[in-house]
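In: Structure for this input, please:
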Amino acid sequence: MSTGQVAAAIAAIRAGQAVVLPTDTVYGLAADAYREGPGRLLYELKGRPASQPVALLAADVDAILDAVPELRGRAAVAARALLPGPYTLVLPNPAARFRWLCGDEPQAIGVRVPELPEPARAVLDRVGVVAATSANLHGGPDCRCVEDVPAELRERAGAIVDAGELPGTPSTVLDLTGPEPAVLREGAVPAVEALARARAAIA
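Out: Sure, this is the predicted structure:
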């Protein structure tokens, strides 16, 4: 693990910059979730429409529950059953927290707790919850390695944490805001398996 990369990423996030971080699926672009400016920067760098959400990412479920205290009961049970893992969970956000990351649906919020590579875990252990999205241009291919990250993103990132080659398939997105779970994007976990696990978690 490069302690220099980790230290640079921690400093960059605290300074409001975006950083390239590895997850358990693909490389992501992350920034301080608690300030609107860094969150807006992610949208600008990617060319992502403001109507689309960006997820919260953390090293453990407790950090997510601290950031969004309303995630108790059914939502917390589901999160603890499915995470850490290659899922993005869309959960109720009744207090409309992190409004600048929620796109057109402030009453819902995406959360992600990956099985993190060690250098990324070291960063998040120090900075806490971040806003994160895939480290590509909007609509572009997902990034399996740092070299796949578009040059314009690498040039504007405050730091890059390189954990080598990743699996390359993005997380499966599960919507748990309704009475029945729904797969919004099939990814690292097949839809049938994801739905079965989600239903078992909230049964």
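
In: on contacts alone, who are the packing partners of the helix or strand that Ala196 is a member of?
Out: Element membership of Ala196, judged by DSSP states H and E, is helix 191-202. Applying 3 or more Cβ pairs under 8 Å, 6 or more residues apart in numbering; DSSP states H and E, we find helix 191-202 packed against helix 74-82, strand 172-175, strand 182-185. Heads up, the C-betas are built off the backbone N, CA and C, glycines and all.

In: Redo those as a markdown table? Include mean neighbour count, mean pLDDT and distance to Gly128.
Out: Output for the helices and strands packed on helix 191-202, formatted as a markdown table (neighbours: other Cβ atoms under 10 Å; pLDDT from 0 to 100; distance: least, Cβ to Cβ, whole Å):
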| stretch | mean neighbour count | mean pLDDT | distance to Gly128 |
| --- | --- | --- | --- |
| helix 74-82 | 18 | 92 | 16 |
| strand 172-175 | 22 | 97 | 23 |
| strand 182-185 | 14 | 97 | 26 |
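
In: Report the inter-axis angle for the helix holding Ala196 versus helix 74-82.
Out: Orientation check (axes from the mean of the first three to the mean of the last three Cα atoms, to 10 degrees): helix 191-202 against helix 74-82 gives 120 degrees.

In: ok, and what's touching helix 191-202?
Out: If you take Cβ atoms under 8 Å, 6 or more residues apart in numbering as the criterion, helix 191-202 is touched by 74, 77-78, 81-82, 87, 172, 174, 176, 180-183, 186, 189.

In: circling back: now the helices and strands packed on helix 191-202 in CSV, with distance to Gly39?
Out: Below are the helices and strands packed on helix 191-202 laid out as CSV (distance: least, Cβ to Cβ, whole Å):
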stretch, distance to Gly39
helix 74-82, 21
strand 172-175, 19
strand 182-185, 21
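
In: who wins for proximity to Glu152 among those?
Out: strand 182-185 (24.7 Å; Cβ to Cβ).

In: What segments of this protein are helices?
Out: Counting by DSSP state H, one finds helices in the chain at the ranges 3-14, 36-46, 61-67, 74-82, 118-127, 151-156, 191-202.

In: Leu89 is in contact with Leu83, correct?
Out: Yes - between Leu83 and Leu89 there is a contact at 7.1 Å, judged by Cβ atoms under 8 Å.

In: More neighbours: the two, which one.
Out: Leu89 (28 against 20; other Cβ atoms under 10 Å).

In: So, low pLDDT: which residues of the protein?
Out: Applying pLDDT under 70 to the chain flags residues 1.

In: Give me the common contacts of Leu83 and Leu89.
Out: Taking Cβ under 8 Å, 6+ apart as the contact rule, Leu83 and Leu89 both touch 111-112.

In: chain center to the helix holding Ala196: distance?
Out: Distance of helix 191-202 from its chain centroid, counting by Cα atoms, centre = their mean, to the nearest Å, is 20 Å.

In: could you dump that helix to CSV, C-alpha only?
Out: In CSV, the C-alpha atoms belonging to helix 191-202 read as follows (Å, rounded to 0.1, in the frame of the first residue of the first chain):
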residue,chain,number,x,y,z
ALA,A,191,-30.6,-9.5,-10.6
VAL,A,192,-32.3,-12.8,-9.5
GLU,A,193,-29.7,-13.3,-6.7
ALA,A,194,-29.8,-9.7,-5.6
LEU,A,195,-33.6,-9.7,-5.3
ALA,A,196,-33.6,-13.0,-3.4
ARG,A,197,-31.1,-11.7,-0.9
ALA,A,198,-32.9,-8.4,-0.5
ARG,A,199,-36.3,-10.1,0.1
ALA,A,200,-34.7,-12.4,2.6
ALA,A,201,-33.1,-9.4,4.4
ILE,A,202,-36.4,-7.6,4.8
